[in-house]
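K.L.:
Provide a 3D model corresponding to the input given below.
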Amino acid sequence: MKQTRFPKGWNGERVRRVLEHYEAQSDEEATAEDDVAYESTTHTAMEIPVDLVPQVRELLAKRRAG
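P.N.:
Here you go, the predicted model:
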């Protein structure tokens, strides 16, 4: 059997809690949560052509690295 690998800081319990949270949300609660996320003044969401994704990821990695 293949062992599940989690990102740093995550484990099975954390995944269970996140799934439980989202599965218990009403449609209205989920919509409200999405609306708040799109009101962020520090992040944005945008469509990027698939062929440019590697370059965008590289730029983001360089920015995180300082």
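
K.L.:
now the helices for the protein?
P.N.:
Residue ranges of the helices in the chain, as given by DSSP state H, are 12-24, 27-38, 53-65.

K.L.:
the ones you listed: lowest mean pLDDT?
P.N.:
In terms of average pLDDT, helix 27-38 trails the rest of these, at a mean of 91.

K.L.:
list the buried ones in that one?
P.N.:
Using 16 or more other CB atoms under 10 Å as the burial criterion, none of the residues of helix 27-38 qualify. From N, CA and C alone the C-beta is placed, and that goes for glycine too.

K.L.:
what angle separates it from helix 12-24?
P.N.:
110 degrees (axes from the mean of the first three to the mean of the last three CA atoms, to 10 degrees).

K.L.:
got the contact list for helix 27-38?
P.N.:
Residues outside helix 27-38 that contact it (CB atoms under 8 Å, 6 or more residues apart in numbering): Tyr22, Gln25, Ala45.

K.L.:
next one: stretch 55-66
P.N.:
Ile48.

K.L.:
make TSV out of the helices of the chain and add distance to Arg5.
P.N.:
Shown next, in TSV, are the helices of the chain (distance: least, CB to CB, whole Å):
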stretch	distance to Arg5
helix 12-24	11
helix 27-38	27
helix 53-65	21
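
K.L.:
out of the ones you listed, which is closest to Lys2?
P.N.:
helix 12-24 (14.1 Å; CB to CB).

K.L.:
tell me which residues are up against that closest one.
P.N.:
Contacts to helix 12-24, defined as CB under 8 Å, 6+ apart, come from residues Thr4, Phe6, Ala30.

K.L.:
which residues touch the second one?
P.N.:
Under the criterion of CB under 8 Å, 6+ apart, the contact list for Phe6 reads Gly12, Arg14, Val15.
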